[in-house]
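Trainee: structure for the following, please:
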Amino acid sequence: MLTNVHVAGYKTLHELTDADLELGLVNVLIGANGSGKSNLLEVLGLLGAAANGRVDDQELLRRGVRPGAPALYKTSLQGERFRPTISLGVKAECQGEQVSYDVSLDNPIDTPRPTWQYRTEKLLRGDKQIVGRSPNGASFSAGLEQLSSSFQNLKSDAGLAVLVKAHPNLAGAPFELLDWLQNYMVFSPTTPVLRGIQPDASQSDPIGVFGGRLAEAVKEILNPYDRTLGRMDLDEILELLDWVEDFNISEASKQLISPSVPTVRNVVRFKDRWMRESRNLLSGYDASEGALYVLFMLTLALHPRAPRLFAIDNFDQAMHPRLARAVTRAFCAQILQASPPRQALITTHNPLVLDGLNLRDERIRLFAVERDASSGATRVYRILVSENVLKASQEGLSLSNLWVMGRLGGVPNI
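Mentor: As a prediction, the model looks like this:
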């Protein structure tokens, strides 16, 4: 899994070091609107595009990253030194080995190009560089010299690491890190897409950035005979949706959806426990949107083809606070049980999400994201379960209470 993230010169992230962002398996970012939470999620998307060999709008959109002009991507804080390049990287522990990937990217502000240029790039196993590049050319560790000399003349807008990913010397940890980054996505589900009445602008398998193909993804892991969704018992899910007696996937039909409503082929169908037997079936178009978001979060945690590294922006969207708390507990449990391992980053504005976190488990981590009062740069720090927090909890103050009171940080200055 990724253990550290560092970045300099990206939007509000003037400089974050490895010590600022030490990750667990579930990582929750809290902070005021505009504090830089989404920027942090996008850093990994930018890295993923770089690790995949090309950084342009199409590659960024595919990963759920908002494309932007170089003038908006490069940090331009009034009190901070301007950086002409964006530098970012990660450290990871994969298969018992330490590995890291770093890259710096540039695109002229005055004459922007469709594709960002690589200034530097390096992939390391431990302290030993496997491949690297600088403005002067590419370099390889011992064992990679037999690669074609054409790599020395690699174009500046093409990544190096992806081209040698299949080399035997990159087997194991380096390959796994590149694979995690290349498949990383920032999910931002929206209600019309989840309902199946609007196409997903960034479709992917098994589920789109905005929630496209939710019905198909659920169908692939739903076992109505064993009463399971993936490895999760259906009764656990139905406890979260107190009005739902059952759910399944069916083709859209005029019995479920009005012919005037455009829809995708397959839809989620719910059975309402309170309605008459002959009229108790609702499609995702008519049902509570909260139920669709619950299915989306859990399917992403359970589906075998979901990315092993992913982020969800606004995790609590459309959920009642108490439902968000319960879904957080279920989501964390499934991520921690995943095999092979899975890692998630989520943002939230809902205080009760914090009450669904077991922060005594080192694999679950909470971070406050704030703008520096003097420079406006984004700062990040981990919120630890200190003796003061434990004492406050014993006095009846939950994490949600402490956050709203401003005792954890990550609150607007209003």
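
Trainee: under the pLDDT cut-off, which ranges of the stretch 101-250 of the chain? List them.
Mentor: 137-153 (pLDDT under 70).

Trainee: what about the helices in it?
Mentor: Assigned by DSSP state H, counting those that start in this stretch, the stretch 101-250 of the chain shows helices spanning 173-182, 191-195, 214-221, 234-240.

Trainee: phi and psi next, for residue 295.
Mentor: Residue 295 adopts backbone torsions of phi -60, psi -40, taken as degrees, to the nearest 10.

Trainee: quick one, what contacts the nearest residue to it once chain neighbours are set aside?
Mentor: Ranked by C-beta to C-beta, 6 or more residues apart in numbering and with sequence neighbours excluded, the top spatial neighbour of residue 295 is residue 218, at 5.9 Å. All C-beta atoms are positioned from the backbone trio N, CA, C, and that covers glycine. Taking C-beta atoms under 8 Å, 6 or more residues apart in numbering as the criterion, residue 218 is in contact with 229, 249, 268, 295, 299.

Trainee: what's the single longest helix in this structure?
Mentor: helix 321-337 (DSSP state H).

Trainee: counting contacts, what elements does it pack onto?
Mentor: Judged by 3 or more C-beta pairs under 8 Å, 6 or more residues apart in numbering; DSSP states H and E, the packing partners of helix 321-337 are strand 26-31, helix 234-240, helix 289-302, strand 343-348, helix 351-354.

Trainee: mean confidence score for stretch 392-410?
Mentor: For stretch 392-410, mean pLDDT rounds to 77.

Trainee: make that stretch 5-17, sorry
Mentor: Mean predicted confidence for stretch 5-17 is 93.

Trainee: what's in contact with it?
Mentor: Residues outside stretch 5-17 that contact it (C-beta under 8 Å, 6+ apart) are 18, 20-21, 23, 35-36, 39-40, 42-44, 46, 72-75, 77, 80, 83, 85-90, 371, 375-378, 380.

Trainee: from these, which land in strands?
Mentor: Judged by DSSP state E, strands contain the following of those: 86, 87, 88, 89, 90, 371, 378, 380.

Trainee: bridged to the residue nearest to the spatial centre of the chain, which residues?
Mentor: In the chain, the residue lying closest to the centroid (C-alpha atoms, centre = their mean) is residue 311, at 1.1 Å. Under the criterion DSSP bridges, residue 311 forms beta bridges with residue 186, residue 345.

Trainee: pLDDT below threshold where in the stretch 251-400 of the chain?
Mentor: The stretch 251-400 of the chain contains residues with pLDDT under 70 at 252-264, 390, 393-395.

Trainee: can you get me a residue count around the residue lying closest to residue 400 once chain neighbours are set aside?
Mentor: Counting by C-beta to C-beta, 6+ apart, residue 351 is the residue found nearest to residue 400 once chain neighbours are left out, at 3.5 Å. Using other C-beta atoms under 10 Å, the number of residues around residue 351 comes to 21.

Trainee: go on, the one 4 residues further on?
Mentor: Here the count is done by other C-beta under 10 Å, and residue 355 has 20 residues near it.

Trainee: same question, residue 173
Mentor: Using other C-beta under 10 Å, residue 173 has 19 other residues around it.

Trainee: where's it relative to residue 200, distance?
Mentor: Applying C-beta to C-beta, to the nearest Å, the value for residue 173 to residue 200 is 33 Å.
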